[in-house]
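Student: how does the following fold in three dimensions:
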Amino acid sequence: MDKPKMNYFKEEDILHLVISDEKEAGSVQLSPNITVELNEEGELIGIEILEASSFIRDSILETVQAKMLNLPKTYNQVASGL
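Tutor: Okay, the predicted model is just below:
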């Protein structure tokens with residue numbers, strides 16, 4: 001695959017990022033709404049985000065608020081769960 005692909009399923013509010021066309025061999029739940037998909041070597045091949053519209057909205061709001069308050073970059077990563 002040359003470029004990652006993004007699919008959004010509006011009715012389910014699921015965002016699926018496909019990084020590789022390789023077969024999924026496993027997955028790891030990073031948080032209640034975020035799951036990463038792994039190939040047989042344990043490499044990242046996809047990301048699934050449930051309740052995607054809320055997740056993206058909240059992530060953007062947190063980033064904007066942190067910039068407005070001039071908080072360090074590491075705060076954004078901790079606050080967004082990354």
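
Student: excluding chain neighbours, give the residue nearest to residue 50 in space.
Tutor: Excluding the flanking residues, the one nearest residue 50 by C-beta to C-beta, 6 or more residues apart in numbering is residue 33, at 4.2 Å. C-beta: built from backbone N, CA, C; applies to glycine.

Student: quick one: the one you found and residue 69, what's the gap?
Tutor: Distance of residue 33 to residue 69, given as C-beta to C-beta, to the nearest Å: 25 Å.

Student: give me the more crowded residue out of those two.
Tutor: residue 33 (17 against 8; other C-beta atoms under 10 Å).

Student: got the domain boundaries for the chain?
Tutor: Domain assignment of the chain by automatic domain parsing yields the ranges 1-50, 52-82.

Student: including mean pLDDT, could those domains go into CSV?
Tutor: CSV is the format used below for the domains of the chain (pLDDT from 0 to 100):
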stretch, mean pLDDT
domain 1-50, 95
domain 52-82, 75
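
Student: give me the buried positions along stretch 22-37.
Tutor: Neighbour-count burial for stretch 22-37 flags 22, 33-37 (criterion: 16 or more other C-beta atoms under 10 Å).

Student: cool, stretch 50-67 as well?
Tutor: So stretch 50-67, judged by 16+ other C-beta under 10 Å, has buried residues 51-52, 55, 59, 62, 66.

Student: just give me how far the biggest helix by length in the chain sits from the chain centre.
Tutor: Using DSSP state H, we find that the single longest helix of the chain is helix 52-69. Helix 52-69 has its C-alpha centroid displaced from the chain centroid by 14 Å (C-alpha atoms, centre = their mean, to the nearest Å).

Student: for it, packing partners?
Tutor: The contact analysis (3 or more C-beta pairs under 8 Å, 6 or more residues apart in numbering; DSSP states H and E) places helix 52-69 against strand 14-18, helix 73-79.

Student: okay, the angle between it and strand 14-18?
Tutor: For helix 52-69 against strand 14-18, the angle by axes from the mean of the first three to the mean of the last three C-alpha atoms, to 10 degrees is 80 degrees.

Student: alright, I will stop here.
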